[in-house]
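*Asks:* could you work out the structure for the sequence below:
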Amino acid sequence: MKSSLPKMLQTVGGKPMLAHLLDTAVTLEPERVHVVVGSGAEQVRESCSAYPVTWALQAERRGTGHAVMQAMPGIPDEATVLVLLGDHPLIPASLLSDMLAERSQPLVLLTMNLDDPHGYGRILRDPGGNIIGVIEHHEAAPEQHKIREVNTGIIMADAAKLRGWLDRLSCDNAKNEYYLPDIFSMARTENGEVHGVLAPDERDLRGANDHGQLAELEKRYRQRRAMELMEAGVHVLDPERVDIRGSVTTGLDVCIDINVVLEGENHLGDGVRIGPGSVLTNCRLAAGGIVHPHSVLEGVTTTGPCEIGPFARLRPGTVLSAGCRVGNFVETKNARLDEGTKASHLSYLGDSEIGKNVNIGAGTITCNYDGANKHETVIEDDVFIGSDTQLVAPVTVGRGATIGAGSTVTKDAPPDALTVSRARQASVSNWKRPRKEKDK
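*Replies:* Predicted structure coming up:
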C-alpha cells in the first residue's frame, strides 16, 4: 500500500477493512473471534479495540499456513474453524452461512471464477470434478495459468483435523513459507475429497493489495449500499455517484441526487430531498426537508419541513423547527431555530437560542467567543435583525424587537423597540476625490 497505515486499516466506505470483516463475523454468532496481526499490530489493536477479539501475533511473516498456526493454541479440538482474510472486507454473511451449512465436512473451500485470475492460486480438479489441490500462481505451469477457478483463501475446517494438517506443513518451496492451501492435498488423501463452495459473485470476494484494488472495493461497496437504498424505495438518481459511509434509515419517497456523501448514522424522513454535492454526517431530517446543493450538515436535527442551502454549513448542535430556512453561506453551530425562522444568507449563528418567525438579515454574526469562553445569544419570537449586525454575547434580543442594519449590539435589546448602534451619517460637500497625476 506504500502507507504508514497497516493494510487491514485502509478504509472502504469510511471504515477500516478489518472492521467490515469483524462486523460480518459477529453476525455469525461465533464462540470466539481470533485476529492474527503482524506489522502494525498495535495500531490494528487500538483501531478495533471495541470488538470482542482474541489477538494472535505473527512475529515473522512465513505464509498463510503459518498465520493460522498462531491462532490455533486458543482453539479447542471440537470447534469448527472459519478462516477469513483481513483485506477481503466485503464478503457477505449469507455466503459464510452457506459454508457453515456444510460443517459436517472436514474441510470446505470457498472458490470463485475470475476472468483474470493472475496472482491467485488455481483450483485443481480431477477428471470427475473433485478438488484435488491448489497450485500457487508463481508455481503453476503455463497450462494451469489458464484455469479460471481460483482459491479465495477462505476455508472452513474441523479444528482437530486442521491442527494435524498444519503440523505437517512444509516450507520447502520458492518462498520458504507455509502455505495454507497445501493442506488440501492432505485432506484429499485422508477423506477422499475436498468440498468446495463456488461464490456466485466474485466482486464480493476481492481483496486489496494496492490503492487501485482498494478503489475497486470502494466502488463495489458503493454499488451495494446504493442498491440497498433503492430496494428500500429511495430514488437514487445515479447509484454510481452516491457514497454511503455508515447507516442510513429512510422514510417514503426520499430522493438523493448525485455526488451525495452520507457518513455516520443518518435518518431521512418521508419526502426528504438531498441536493447534489451535499455531505450529511449523523443527521436526523424530518419529513419534507430539502437540502439544496453543496450543503454540509453534521449533527443536525430537524423537527419539521425545512429548507437548507445551497452552500450552507450546519455544524453539531443545530436544531431546526418546521418552516425554518437556512440559506447560502450561512453557518450554524449549537444553534436552535424555532418555527418559521429564516437566515437566508451570509450569516454565522453560534451558541444561539432563536425563537419563532425571526428574520436574520444578511451578514449577521453572533459573536459567541471572547477568546476563552463561549457565550449564548438569545433572540426571542418575531424579531427582525437587520443586515450586517453583530450580536456580542451574552446578549438577549426581546420579543418583537427590531435591530437596525449595521448595528453592534452589546447590551440586551428591549422588546417591541428599534435598537440602533451606528455612527451618525454625514456628507461633506465640495469634497474632491484624490486622483493620480497624468504622466507628463
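
*Asks:* continuing past the strand or helix carrying A215, what's the next helix or strand?
*Replies:* In this assignment (DSSP states H and E), A215 forms part of helix 211-231. Scanning the chain past helix 211-231 towards its C-terminal end, the next helix or strand to appear is strand 235-236 (assignment: DSSP H and E).

*Asks:* tell me which residues of the next helix or strand after that following strand come out buried.
*Replies:* Beyond strand 235-236 in the direction of the C-terminus, DSSP H and E gives the next helix or strand as strand 242-250. Applying a neighbour-count criterion of 16 or more other C-beta atoms under 10 Å, the buried positions in strand 242-250 are V242, D243, I244, R245, G246, V248, T250. Any C-beta I mention is one placed from the backbone N, CA and C, and that applies to glycine too.

*Asks:* next: stretch 382-400.
*Replies:* Within stretch 382-400, the residues that count as buried by 16+ other C-beta under 10 Å are 382-393, 395-398.

*Asks:* pull the most distant pair out of those residues.
*Replies:* Using C-beta to C-beta, the buried residues of stretch 382-400 reach their maximum pairwise distance at D382 and V392, which is 21.9 Å.

*Asks:* would you mind giving the secondary structure of A67?
*Replies:* helix (DSSP: H, G, I helix; E, B strand; the rest coil).

*Asks:* contacting residues for it?
*Replies:* Contacts for A67 (C-beta atoms under 8 Å, 6 or more residues apart in numbering) come out as V36, G38, Q58, L180.

*Asks:* could you export those as JSON lines, including pLDDT, distance to L262 and secondary structure?
*Replies:* Listed next are these as JSON lines, based on pLDDT from 0 to 100; distance: C-beta to C-beta, whole Å; DSSP: H, G, I helix; E, B strand; the rest coil:
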{"residue": "V36", "pLDDT": "97", "distance to L262": "33", "secondary structure": "strand"}
{"residue": "G38", "pLDDT": "93", "distance to L262": "34", "secondary structure": "coil"}
{"residue": "Q58", "pLDDT": "96", "distance to L262": "37", "secondary structure": "coil"}
{"residue": "L180", "pLDDT": "93", "distance to L262": "38", "secondary structure": "helix"}
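
*Asks:* which of these sit farthest apart?
*Replies:* Distances among the contacts of A67 were taken as C-beta to C-beta; the most separated pair is G38 and L180, at 15.2 Å.

*Asks:* so between these two, which is more surrounded?
*Replies:* When G38 is set against L180 and neighbours are counted by other C-beta atoms under 10 Å, the residue ahead is L180, at 25 against 17.

*Asks:* my read: that one touches T152, true?
*Replies:* No: assessed by C-beta atoms under 8 Å, L180 is found out of contact with T152, at 11.4 Å.

*Asks:* okay, stretch 62-77 in PDB with CA atoms only?
*Replies:* Output in PDB follows, covering the C-alpha atoms of stretch 62-77 (Å, rounded to 0.1, in the frame of the first residue of the first chain):
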ATOM      1  CA  ARG A  62       6.100 -17.000   6.900                       C
ATOM      2  CA  GLY A  63       2.900 -17.600   4.900                       C
ATOM      3  CA  THR A  64      -0.800 -18.100   5.300                       C
ATOM      4  CA  GLY A  65      -0.400 -21.500   7.000                       C
ATOM      5  CA  HIS A  66       2.000 -20.000   9.500                       C
ATOM      6  CA  ALA A  67      -0.500 -17.200  10.200                       C
ATOM      7  CA  VAL A  68      -3.300 -19.700  11.000                       C
ATOM      8  CA  MET A  69      -0.900 -21.600  13.300                       C
ATOM      9  CA  GLN A  70      -0.600 -18.600  15.600                       C
ATOM     10  CA  ALA A  71      -4.300 -18.700  16.400                       C
ATOM     11  CA  MET A  72      -4.700 -22.500  16.900                       C
ATOM     12  CA  PRO A  73      -3.400 -22.700  20.500                       C
ATOM     13  CA  GLY A  74      -6.600 -20.900  21.600                       C
ATOM     14  CA  ILE A  75      -9.000 -23.100  19.600                       C
ATOM     15  CA  PRO A  76     -10.400 -26.300  21.100                       C
ATOM     16  CA  ASP A  77     -10.400 -29.500  19.000                       C
END
